[in-house]
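Engineer: 3D, please:
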Amino acid sequence: MENHIETLKPTIILGKSLQMSFTEDRTQALWQSFGPLVKTIKNRKDRNFISLQKFNSVFDPYDLDPNAPFTKWAGVALETDLSDDKIKALNPQLSLYQIEGGLYAVFNHIGPAYEFSKSLEFIYGKWFPNSPYQLDDREHFEVLPEGYRPDDPDAQEEIWIPIKKK
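Structural biologist: Alright, predicted model coming up:
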């Protein structure tokens, strides 16, 4: 699986969020509520979408509680800083979130969303044990290109995993 290491600057995203868990996955509802609002967003950094997970406690893929709540975001990166008040004046359904930034391992997942677990098995089962990095306690996210369809067998997305040196 293709990957590289990248240092991300703090990044502002604009979107919607929902509390969920892996067993109570509400991702589809989140994206369905966000999708119609995308055309109202100005100052986008690019045409990509961000699917972000902010875990309430340290994420441990080796001891995962599928019922543990986390916040999921559907959003887009912004080119410029806008205050939350200005955003709410334009569209009260959207909110700002700042990705902390830092060191990330970036992996390319190719295939439909239901095969995403295969990529995670590689990342946590093969890549991490053989790398000089360990998981860091920051946001995990995926970058989805414009036109992304989760059921497309040729779909491509970038998986951004926060890391730090062992």
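
Engineer: Any idea which residue is closest to the centre of this structure?
Structural biologist: Closest residue to the average C-alpha location of the chain: Phe141 at 2.1 Å, with Cα atoms, centre = their mean.

Engineer: ok, and the closest non-adjacent residue to that residue?
Structural biologist: Nearest residue to Phe141, sequence neighbours excluded (Cβ to Cβ, 6 or more residues apart in numbering): Leu52, at 4.0 Å. Glycine gets a C-beta too; all of them are placed from N, C-alpha and C.

Engineer: do the same with Asp151
Structural biologist: Closest residue in space to Asp151, ignoring its immediate chain neighbours: Pro112 at 5.5 Å, by Cβ to Cβ, 6+ apart.

Engineer: dump the residue contacts of the one you found.
Structural biologist: Contacts for Pro112 were tallied using Cβ atoms under 8 Å, 6 or more residues apart in numbering; they are Pro150, Asp151, Asp152, Pro153, Ala155.

Engineer: What is the most widely separated pair among these?
Structural biologist: Within the contacts of Pro112, Pro150 and Pro153 form the most distant pair, 10.8 Å apart (Cβ to Cβ).

Engineer: quick one: which of those two has more around it?
Structural biologist: Set Pro150 next to Pro153 and count neighbours by other Cβ atoms under 10 Å: Pro150 wins out with 14 against 9.

Engineer: Count the residues that sit near the closest residue to that one other than its chain neighbours.
Structural biologist: Leaving out its chain neighbours, the residue that sits closest to Pro150 by Cβ to Cβ, 6+ apart is Ala113, at 3.7 Å. By other Cβ under 10 Å, 19 other residues sit near Ala113.

Engineer: Report the next helix or strand after the lowest-mean-pLDDT helix or strand in the chain in sequence order.
Structural biologist: Using mean pLDDT, DSSP states H and E, helix 84-90 stands out as the lowest-scoring helix or strand of the chain, at a mean of 67. Counting by DSSP states H and E, the next helix or strand C-terminal to helix 84-90 is strand 95-99.

Engineer: so what strands line up beside that following strand?
Structural biologist: In the sheet, strand 95-99 lines up against strand 11-20 (antiparallel) (DSSP bridges).

Engineer: Compute the inter-axis angle for the host helix or strand of Trp31 and strand 11-20.
Structural biologist: According to DSSP H and E, Trp31 maps onto helix 27-34. Angle, helix 27-34 to strand 11-20, by axes from the mean of the first three to the mean of the last three Cα atoms, to 10 degrees: 130 degrees.

Engineer: any idea which helix or strand comes after helix 27-34?
Structural biologist: Downstream of helix 27-34, the first helix or strand assigned by DSSP H and E is strand 49-55.
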